[in-house]
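# return atomic coordinates for the entry below.
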Amino acid sequence: MSKGGEGILNWVSSSIPRFQRLAFMNIPSPRFCIATGSCFPHVSGVRRLVAFTLVEMLVVIAIVGIVAALIFPTLSASRRAAQNVGCVNNLRKMGVGLSAYVADHDGALIPGAHTQELPKIIAWYRVLNDYVGGEEFTKTSSPAIWLCPSKILTPMNTTTSAYIGYGWNYSSFGDLVGSVSLGWGSKMAQVTKPSRTIIIGDSKDPWINPGATPQNYYLYRPPSVNLATRHSGNGNYLMLDGHVEALPPTMDSTYFLKVQ
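Presented below is the predicted three-dimensional model:
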């Protein structure tokens, strides 16, 4: 072998560790540079990496949007279901309180929607509040039991000074003091079918006659427009036997009658 060939071999041998270090540093070898015409392929690689990351981000955003579209309706439905359960529980507690009132008054129900006239109206819910363990009413708030979780509450007028989500069946169980024709002073013994007789239930939805605030503590017999639909098209109603039913505005009007 010529001296020139031996010199090349010696140079290659002594340079192997150097090439290994270059490879470890991700720097291309001279042979790669000659073959590709570029010793900096990583520059274009950076551009490809950035472009891929943007695409990846767009894909992730799209996936998040799809997942959100699937989850949000479920969460909304779960929230509505929880609100409905809260409303039903409120009415059941009222049923227990009303039974206690009846026991204390020799079988008589609360006389009517109003138990005292102006200048200080005492409405049925204020009487029953003492039997359900409710806190005091104020002009800006009411005990939680009187607030239907699904109802957007509107202020009552200054004489009643309360926020209410439930109404009294005034057409069969009394309205103003002495309204005998509307069932003032009824007794449980007069009710022929307690299991299908409404006494208390969801009062009108807030978008119905929004200016008529006293209607928030009344129940209206079908086919009135004041019937609630806020629980998936139904309203919740307490029957005189203590159970609660969800009924649509198209319910049979006999649910409101004392004698059936």
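# residues of stretch 196-214 that come out buried?
Residues of stretch 196-214 classed as buried: 196-205, 208, 213 (neighbour count, 16 or more other Cβ atoms under 10 Å). Bear in mind the C-beta positions are built from the backbone N, C-alpha and C, glycine included.
# just checking, residue 92 touches residue 245?
No: contact criterion Cβ atoms under 8 Å: residue 92 and residue 245 do not qualify, at 11.6 Å.
# and these two? which has more neighbours close in?
Set residue 92 next to residue 245 and count neighbours by other Cβ atoms under 10 Å: residue 245 wins out with 18 against 15.
# so the more buried one, which of the three states?
Under DSSP: H, G, I helix; E, B strand; the rest coil, the three-state class of residue 245 is strand.
# element containing the residue lying closest to it once chain neighbours are set aside?
Nearest residue to residue 245 in three dimensions, chain neighbours excluded: residue 237, at 5.5 Å (Cβ to Cβ, 6 or more residues apart in numbering). In this structure, residue 237 sits in strand 235-239 according to DSSP states H and E.
# which residues touch that strand?
84, 87-88, 91-92, 94-95, 98, 148, 194-202, 219, 227-229, 244-249, 255 (Cβ atoms under 8 Å, 6 or more residues apart in numbering).
# and that strand, which strands flank it?
Here strand 235-239 has these sheet partners by DSSP bridges: strand 198-202 (antiparallel), strand 244-247 (antiparallel).
# shaky segments in this protein?
1-52, 74-75, 117-119, 153-162, 211-212 (pLDDT under 70).
# residue closest to the middle of it?
In the chain, the centroid-proximal residue (Cα atoms, centre = their mean) is residue 79; its distance is 3.4 Å.
# so which elements touch the helix or strand that contains it?
Secondary-structure assignment from DSSP H and E places residue 79 in helix 41-104. Here helix 41-104 touches helix 124-129, strand 166-169, strand 198-202, strand 235-239, strand 244-247, going by 3 or more Cβ pairs under 8 Å, 6 or more residues apart in numbering; DSSP states H and E.
# let's have those in a markdown table, adding distance to residue 61.
Listed next are the helices and strands packed on helix 41-104 as a markdown table, based on distance: least, Cβ to Cβ, whole Å:
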| stretch | distance to residue 61 |
| --- | --- |
| helix 124-129 | 50 |
| strand 166-169 | 45 |
| strand 198-202 | 42 |
| strand 235-239 | 41 |
| strand 244-247 | 40 |
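# so for residue 69, which of those sits nearest?
Across those, residue 69 has its closest neighbour in strand 244-247 (28.7 Å, Cβ to Cβ).
# for residue 61, see how far away residue 87 is.
Residue 87 sits 38 Å away from residue 61, going by Cβ to Cβ, to the nearest Å.
# how about residue 232?
33 Å.
# likewise for residue 213?
Distance from residue 213 to residue 61, by Cβ to Cβ: 47 Å.
# same question for residue 68.
For residue 68, the distance to residue 61 - Cβ to Cβ - is 10 Å.
# now do the contacts for residue 98.
If you count contacts by Cβ under 8 Å, 6+ apart, then residue 98 has 109-110, 128, 131, 199-200, 238 around it.
# out of the residues you listed, which comes closest to residue 185?
Closest to residue 185, out of all of the contacts of residue 98 and judged by Cβ to Cβ, is residue 109, at 8.1 Å.
# what's the closest non-adjacent residue to that closest one?
Nearest one to residue 109, counting by Cβ to Cβ, 6+ apart, is residue 186 at 5.1 Å.
# tell me, how many neighbours does that neighbour end up with?
For residue 186, using other Cβ under 10 Å, the count is 23.
# need the phi and psi values for it.
phi -70, psi 160 (degrees, to the nearest 10).
# please list all residues in contact with it.
Contacts of residue 186 (Cβ under 8 Å, 6+ apart): 108-109, 111, 172-174, 258.
# pick out the most distant pair among those.
108 and 172 (14.6 Å).
# okay, these two: which has more neighbours?
Neighbour count, other Cβ under 10 Å: between residue 108 and residue 172, residue 172 has more, with 21 against 15.
# what's the helix or strand the more buried one falls within in contact with?
In this structure, residue 172 sits in helix 170-173 according to DSSP H and E. Applying Cβ under 8 Å, 6+ apart, the contact partners of helix 170-173 are 109-110, 112-113, 182-183, 186, 197, 199, 218-221, 256-258.
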